[in-house]
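Engineer: okay, here's the prediction I keep looking at, along with the sequence it came from:
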Amino acid sequence: MKTFSIGGVHPCDSKISAGAAIENFPIPEVAYISMSQHLGAPAEPVVAAGDKVKTGQLIAKANGFISAPVHSSVSGTVKSIEMVKDLAGNLCKAVIIDVEGDEWMEGIDRSEDIVREIKLDQKEIIARIAECGIVGLGGATFPTNVKLSPPPGKKAEFLIINGAECEPYLTSDYRVMIEMPEQVLIGAAIMMKALGVTKGFVGIEENKPEAIRVLSGYSEKYPDIQIVPLKKKYPQGGEKQLIDAVVGRQVPSMGLPIDTGAVVQNVGTALAVYEAVQKNKPLFEGILTVTGECCPQQRNFKHRVGTPISKIIEAVGGVPEEAVKVISGGPMMGKAMCNIDAPTLKGSSSVLFLTEKQTKRKEEGNCIRCAKCVSVCPMGLEPYLLNKLGRAGRMDDLEANRVYDCIECGCCSFTCPAYIPLLDMIRLAKGQVMRIMRSRPKN
Amino acid sequence: MSTTIIFTVVSLSLLGLVLAVVLYLVAQKFKVEEDPRIDEIEPLMPGANCGGCGQAGCRAFAEACVKAPNLDNLFCPVGGNPVMKLVAEKLGIQIAEKAPMVAVVRCSGTCENRPKTNIYDGVASCAVMNSLYTGDTGCKYGCLGQGDCTKVCSFGAIHINPQTGLPEVDENKCTACGACVKACPRMIIELRNKGIKSRRVYVSCVNKDKGGVAKKACAAACIGCMKCAKVCPFEAITVKDNLSYIDYNKCRLCRKCVEACPTGAILAVNFPPKPAKPAEPQPAAGTPAAETQSVKTQVVEAPVVETPTAQTPAVEAPVAETPAAGTESVNNQENQRAI
């Protein structure tokens, strides 16, 4: 069975919410729709306080090349446009809507029928994806239309759909694959048409046999798309690792995935693309896993973007008593929330409750030069060295040791027997080095 | 036997002689011309190699002094004026005395003023904490309290007060090298004019949020109300991005702004107590207990402040007579520090 060639760790996968079918989360009374739901410039609101909006209506336009429009996830009246605190406590602009009923925009196909025929051509598909505000739902929320338009001189050879979901606990992609398999494959076919490629892959880790079985069942209908079972290993869902695992090509240092001829899209993105192109539905819903051993209920919700996370937590009976951290995303790369009143975003994938035992940092010891961090680094870096150089502020040496290649997967911190916070220090150093590199004049 | 010994001695001596000549010639050929004054100036330096002057170390600074046409842009913050005077004498240049500077922590976000909204249990480093999120309080500009400034100080002049969670500068030890200024990821620490008898007036806040947001996060935040700028007779105060800033070159220490500030964000340190004016009644809001306490402390502190030989008092003296009710907490905090 295939997997990526260097590094990787094996955290317990803890997919305890895998059995919970996707349920529709009730529409909130007030929706806080953030303007910064994607990588790049925040969207520019096109509505004003007092305006009536319908579900799916454009409320903010893209502001620049790397940006995405935002659509209303609810129908009602715009209460105000205010600064709202996000998960990390930063203020970001949000359109606040008082919900009245649920009236959708005309033109959105709400039926359950699966539309198989792709009528739009290459340009129209990319334009539709851009209009519908589709962003990568694997975590980075990079605008999908930009990713589907390779820069001049680069040619895509194949599309890889990322169904690895290597982060422990998360099950949203898994549920999408087994509940809406054909939609995902049609979404993949649409993106393949947009890229002008004829070969597609869906990489799925072996701990999701049901997803592999269900998707393989459609292999006759979609012969161009090959289902690739992968060995379970974190961080297989990383773009560069997945390309390595599926097609055996390695993205060069400082390079982009397109340099290997691959374009990687998440399962959730494929579904969003299907809905946008075939059903004319903008991206305003997402699948979110609510889980954790201390959480009495394990749920997978389809939520409207802008629902306060506190409402979702209330629905599972509030923050469990033993929980000390509420994480957005998985336990490896997710972020602890400092504000649970923050609204959900397009890219929200999970609300994870962790207990003190699970999150408590152990006291930092001395590096014993065991080189475990070196052996697990999927990018072939030397984390112990980067940590040392970072603490000494040796920026030129950090650059020479490719700190900029770090994908912040956390394997080094996970494996360190001395509990050295390697990732924290490397991430900090990486930020400083990248700032220096960006400030250099380009020639 | 004897010929072997003689042969060895003679051949080695000859070899030594030839090599000595070669070394001499090479040394003459590749001789590095160095200004002899560098060696004279270097011993005058404090030898801390802290980099506060902007050079790589004390020798590099001595080299820069010798090369530069004048010493206007060169100053050793550790040695201060006495060292620079000696350097100028050696070089035969006249220099103007520079006002001594001191590091000032511009945050009053104590536990009472700025309640914690979450618990941070990550790496004990302000830089890491700052890169992760806005911090464990509502204020995204204020001190994070992990002590990066204390770790970089070569002089042990800054430490975190466990009661307030904020760094405090020991004015006697601070050399204004600026290491803490660079280490602070939130740019809270500023080098300010030490002032006559170490008396200073400054805005102890860097919050650029709008008044309501800032006030909600911290009781002692600058809310950008412009009151200080209006009362300042010397046009020393500017308010930009909802944040007031006092230009220490223009400030004449009249302390009108301290009284005008509704939140107590402006601090006046090391001032003796104002003589009580019976004509000016105190507002009822000021708690008598706090007032007496502060007066008491000042009695203890005052002689230290007033002694001309003692450059700076070890502890910052409390704010003198701040009648506004809002400054009460600052008063208490200052008292805590003094005690």
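Structural biologist: That came through, no problem.
Engineer: going by C-alpha atoms from here, please, whenever you check contacts or count neighbours.
Structural biologist: Fine.
Engineer: please name the residues that touch the closest residue to chain A within the stretch 1-150 of chain B.
Structural biologist: Closest to chain A within the stretch 1-150 of chain B is B:Y133: 4.9 Å, counting by C-alpha to the nearest C-alpha. Shown in contact with B:Y133 (C-alpha atoms under 8 Å, 6 or more residues apart in numbering or on different chains): A:A88, A:G89, A:N90.
Engineer: backbone dihedrals for the residue nearest to the first one when sequence neighbours are not counted, please?
Structural biologist: Right, the one you point to is A:A88. Leaving out its chain neighbours, the residue that sits closest to A:A88 by C-alpha to C-alpha, 6 or more residues apart in numbering or on different chains is B:Y133, at 4.9 Å. Main-chain torsions, B:Y133, degrees, to the nearest 10: phi -160, psi -170.
Engineer: equivalent analysis for A:R299, please.
Structural biologist: Torsion angles, degrees, to the nearest 10, at A:R299: phi -130, psi 150.
Engineer: show me what it bridges to in the sheet.
Structural biologist: Assessed by DSSP bridges, A:R299 has beta-bridge partners A:V290.
Engineer: neighbours around it, how many?
Structural biologist: 25 (other C-alpha atoms under 10 Å in any protein chain shown).
Engineer: could you measure from it over to chain B?
Structural biologist: Distance, A:R299 to chain B, by C-alpha to the nearest C-alpha, to the nearest Å: 26 Å.
Engineer: in contact with whichever residue of the stretch 201-350 of chain A sits closest to chain B, which residues?
Structural biologist: Across the stretch 201-350 of chain A, no residue is closer to chain B than A:C338, which sits at 6.2 Å (C-alpha to the nearest C-alpha). A:C338 makes contacts with A:L87, A:A88, A:G89, B:T117, B:N118, B:D136, as judged by C-alpha under 8 Å, 6+ apart.
Engineer: what of A:I368?
Structural biologist: By C-alpha under 8 Å, 6+ apart, the contact list for A:I368 reads A:A418.
Engineer: let's see that with 10 Å instead.
Structural biologist: A:I368 sits next to A:Y384, A:C416, A:P417, A:A418 when contact means C-alpha atoms under 10 Å, 6 or more residues apart in numbering or on different chains.
Engineer: who in the stretch 201-350 of chain A is up against chain B?
Structural biologist: Taking C-alpha under 10 Å from any C-alpha of the partner chain as the contact definition, the stretch 201-350 of chain A meets chain B at A:V324, A:K325, A:K335, A:A336, A:M337, A:C338, A:N339.
Engineer: closest to A:D121 out of those residues?
Structural biologist: Proximity of these to A:D121 was ranked by C-alpha to C-alpha; the top entry is A:K335 with 39.3 Å.
Engineer: who does the closest one bridge with?
Structural biologist: Beta-bridge partners, per DSSP bridges, of A:K335: A:S328.
Engineer: need the pLDDT of it.
Structural biologist: With respect to pLDDT, A:K335 scores 90.
Engineer: for it, list the residues it contacts.
Structural biologist: Going by C-alpha under 10 Å, 6+ apart, A:K335 touches A:L87, A:A88, A:K325, A:V326, A:I327, A:S328, A:G329, A:L352, B:L132, B:Y133.
Engineer: need those residues in TSV (columns: distance to A:M105 and pLDDT).
Structural biologist: Converted to TSV, the contacts of A:K335 look like this (distance: C-alpha to C-alpha, whole Å; pLDDT from 0 to 100):
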residue	distance to A:M105	pLDDT
A:L87	30	89
A:A88	33	88
A:K325	39	92
A:V326	35	93
A:I327	34	93
A:S328	30	92
A:G329	31	91
A:L352	33	94
B:L132	39	90
B:Y133	37	91
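Engineer: make a ChimeraX selection of whichever of the residues you listed turn out to be buried.
Structural biologist: This is the ChimeraX syntax for the buried subset of those, where burial follows 16 or more other C-alpha atoms under 10 Å in any protein chain shown:
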select /A:87,88,325,326,327,328,329,352 /B:132,133
